[in-house]
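Student: what follows is a protein structure lacking sequence information:
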């Protein structure tokens, strides 16, 4: 560590110690042997070293707000991860506001010109000097491009990366001290929390990552006329400057229906359906859809803002996550427990029967209520309480997903109290099940699996040969002709499976048309005829091979 960095760390640690003392956490400083970082006046005030049996969440939140920077961002992240900290802290941290005084326009101008390589007046027709908003990482200005398009320009605070990295170093040091002095808190894995926070912070500090997220969301909602995602102006975007399309609307956080007439039910429906699509169809979702990040536009449209942190669901996990929500919607405890195991949340050797009983006990009370009275947030916290009992390990993005759902429900109830949030998810679950039981979906999914299996099997001969040749002190002569025959037989087997699938699909389609039509159409006979012909070809191929054996 350089002397300069060490000096910064010491100064920041002194500031942290001072804030903790004023927020009545002097006993923590004493326990961690950090009293010497306090001023002499504070060191002698031992009587003010108040000890709490239970540290008040509001005091922690106030200390974070006063320290600002990475501490506020950490608190906001923890509010999204109630699986890592107690519920009362997660709820208190939701109140953290990432608002800071703006920095002077001269610095904004210098950063933009340096990043974009031209004088400000050559880049923009007009650039407002007063920021629209200012936060810990950067601030936002309204501007107009040379072609007259109105945009917003996010400019990162000068030196903010050094500030955040200093805070993260100190947070990691404090986590180490806390775990040494308070062994009971090791269960919360503070070091792991800081590592994850550092990862998220690095993403938020790079505006090009947010621009990439925006591009993907724009693509996903390109055909949705009710959902707007701001487009990125890439020619005016770098790691430290992000230029976006200006969207004229009002935030749901400042919603006043009498002053801003709109159809509350339509807006809520559009918002909830967009969250469902993000989670269960796109596999990429806004991690924090709180009222300040959602705009209402004309004609009951909505727009999403701030894509610094998004949640992602891997393609291989998507069907398993879908099963969880299908199980929640249908009150199927067995399916829910099995889905948790499939996702990897519950260990394979856990007592699944007891888990299913506990799920029934915890969730049964909710299924006895009407859909209007269901509270997704309460279900969410009950599942997390159960998770701690069974020491479940939630993937970070999965918890972000649950939290996004609970946040969306809170917003939906605020905008339209009579809206049946859970009913929307239940209806989607039914649509999803119908889709997945359909012939076309099953056939397409089987074809995809068949192609993957064929690729794997085609690699078997080469992999097997490499395995044999690569063994120490083992000499094996492998005949290429034998390998070719083996590959041919695999290829033939795969083709026969494909024939069987096509024949089955034709027969099912013919039966489906016949059942749903008053009279048998020509198409039914065509399907049956093609199926018979393919069947005869398949039988002939099998018999020919048997005759050659």
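Tutor: That came in fine, so what should we check first? For clarity, every value in this text was computed on a predicted model and none was experimentally measured.
Student: gap between residue 164 and residue 70?
Tutor: 5 Å (C-beta to C-beta, to the nearest Å). The way it works is simple: take the backbone N, C-alpha and C, and place the C-beta from them, glycine included.
Student: common neighbours of those two, please.
Tutor: Counting by C-beta atoms under 8 Å, 6 or more residues apart in numbering, the common neighbours of residue 164 and residue 70 are residue 201.
Student: quick one, which of the two is more surrounded?
Tutor: Shown here are residue 164 and residue 70; by other C-beta atoms under 10 Å, residue 70 has more neighbours (27 against 22).
Student: the more buried one - nearest residue in space that isn't next to it in sequence?
Tutor: Ranked by C-beta to C-beta, 6 or more residues apart in numbering and with sequence neighbours excluded, the top spatial neighbour of residue 70 is residue 167, at 3.5 Å.
Student: contacts only, for that neighbour.
Tutor: The contact partners of residue 167, taken as C-beta under 8 Å, 6+ apart, are 12, 69, 70, 71.
Student: most surrounded residue in these?
Tutor: Neighbour count (other C-beta under 10 Å) singles out residue 70 as the most crowded of those, with 27 neighbours.
Student: circling back to that earlier point, check which helix or strand the residue nearest to residue 70 maps to.
Tutor: helix 160-181 (DSSP states H and E).
Student: next SSE after that helix?
Tutor: Of the helices and strands lying after helix 160-181 in sequence (DSSP H and E), the nearest is helix 190-204.
Student: lowest-scoring secondary structure element of the protein by mean pLDDT?
Tutor: The weakest-scoring helix or strand in the chain, judged by mean pLDDT, DSSP states H and E, is helix 439-470 (a mean of 52).
Student: now the strands for the protein?
Tutor: In the chain, the strands defined using DSSP state E lie at 124-127, 133-134, 138-145, 150-156, 227-228, 241-245, 250-251, 284-286, 294-296, 302-304, 310-312.
Student: right, so of these, which gets closest to residue 97?
Tutor: Of all the strands of the chain, it is strand 133-134 that lies closest to residue 97, at 11.1 Å by C-beta to C-beta.
Student: what does that closest one rub up against?
Tutor: By C-beta under 8 Å, 6+ apart, strand 133-134 touches 99, 100, 101, 102, 103, 139, 140.
Student: most neighbours among the residues you listed, please name it.
Tutor: When neighbours are taken as other C-beta under 10 Å, the top entry among the contacts of strand 133-134 is residue 139 (22 neighbours).
Student: list the contacts for it?
Tutor: Residue 139 makes contact with 102, 103, 108, 131, 132, 133, 154, 155, 157, according to C-beta under 8 Å, 6+ apart.
Student: now the two most distant members of those residues.
Tutor: The largest distance within the contacts of residue 139, taken as C-beta to C-beta, falls between 132 and 157 and amounts to 15.2 Å.
Student: the two - which one has more neighbours?
Tutor: Regarding residue 132 and residue 157, a neighbour count based on other C-beta under 10 Å identifies residue 157 as having more, with 23 against 14.
Student: state the pLDDT value of that one.
Tutor: The model reports residue 157 with a pLDDT of 94.
Student: how about it: what's its closest non-neighbour residue?
Tutor: If the residues on either side of it in the chain are set aside, residue 157 comes closest to residue 138, at 5.5 Å by C-beta to C-beta, 6+ apart.
Student: how many other residues sit next to that neighbour?
Tutor: 26.
Student: contacting residues for residue 85?
Tutor: Contacts for residue 85 (C-beta under 8 Å, 6+ apart) come out as 78, 188.
Student: how about it, phi and psi?
Tutor: For residue 85, the backbone dihedrals (degrees, to the nearest 10) come out as phi -130, psi 160.
Student: separation between it and residue 95?
Tutor: From residue 85 across to residue 95, the span is 15 Å (C-beta to C-beta).
Student: gap between residue 537 and residue 525?
Tutor: The gap separating residue 537 from residue 525 is 19 Å, by C-beta to C-beta.
Student: quick one: which of the strands of the chain has the weakest pLDDT on average?
Tutor: Per-stretch mean pLDDT for the strands of the chain is lowest at strand 250-251 (a mean of 82).
Student: how far off centre is that strand?
Tutor: 24 Å (C-alpha atoms, centre = their mean, to the nearest Å).
Student: for it, which strands pair with it and how are they oriented?
Tutor: Sheet pairing for strand 250-251, assigned by DSSP bridges, gives strand 294-296 (antiparallel).
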